[in-house]
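Student: sequence below, structure please.
(chains A, B and C)
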Amino acid sequence: MTPYASRVLDLVDRIPRGRVMSYGDVAELMGEGSARGVGSVMARYGAETCWHRVLMSDGSLPPGHEREATALLKRERVPMRGTRVDMPAARWDGRGA
DNA sequence: AAGCTGACTCGCT
DNA sequence: GAGCGAGCCAGCT
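Tutor: From the prediction side, this is the model:
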């Protein structure tokens, strides 16, 4: 576990139920790193947090976890458009945590 | 220290 | 709308 990974997981933990953020959004709100960096952290430590609330900027789900993510997201009433999340509606901007 | 890899993104075809 | 190339950056060899 690296310090950077801790900060990423810390922010992901604050994403409200029913909302989502893209990898790039997480990096931007954190003010450090980039989408790839966040993706690496999720790949290694995602199991310890609400990994399903972090996905691609176009709303598509994390590769290899489409089925499970869809189930969890629907359970949280996250707005979806087919197989993808409706980003304009579900995206969390970090305000009102 | 240099090189490779990958749960990323964006612009162009 | 799908495919491709280039830029991105943390972690591991």
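
Student: ramachandran coordinates for the closest residue to residue A:89 other than its chain neighbours?
Tutor: Nearest residue to residue A:89, sequence neighbours excluded (C-beta to C-beta, 6 or more residues apart in numbering): residue A:79, at 4.3 Å. C-beta here means a position set from N, CA and C on the backbone, and glycine is covered the same way. Residue A:79 adopts backbone torsions of phi -60, psi 130, taken as degrees, to the nearest 10.

Student: tell me the contacts of residue A:79?
Tutor: Residues near residue A:79 by C-beta atoms under 8 Å, 6 or more residues apart in numbering: A:85, A:86, A:89, A:90.

Student: quick check: it vs residue A:46, distance?
Tutor: 22 Å (C-beta to C-beta, to the nearest Å).

Student: which stretches of chain A form helices?
Tutor: In chain A, the segments counted as helices under DSSP state H are A:3-14, A:23-30, A:35-45, A:66-75, A:87-90.

Student: would you turn those helices into CSV with mean neighbour count, mean pLDDT and distance to residue A:59?
Tutor: Output for the helices of chain A, formatted as CSV (neighbours: other C-beta atoms under 10 Å; pLDDT from 0 to 100; distance: least, C-beta to C-beta, whole Å):
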stretch, mean neighbour count, mean pLDDT, distance to residue A:59
helix A:3-14, 16, 97, 17
helix A:23-30, 20, 98, 12
helix A:35-45, 18, 97, 14
helix A:66-75, 14, 97, 10
helix A:87-90, 16, 97, 4
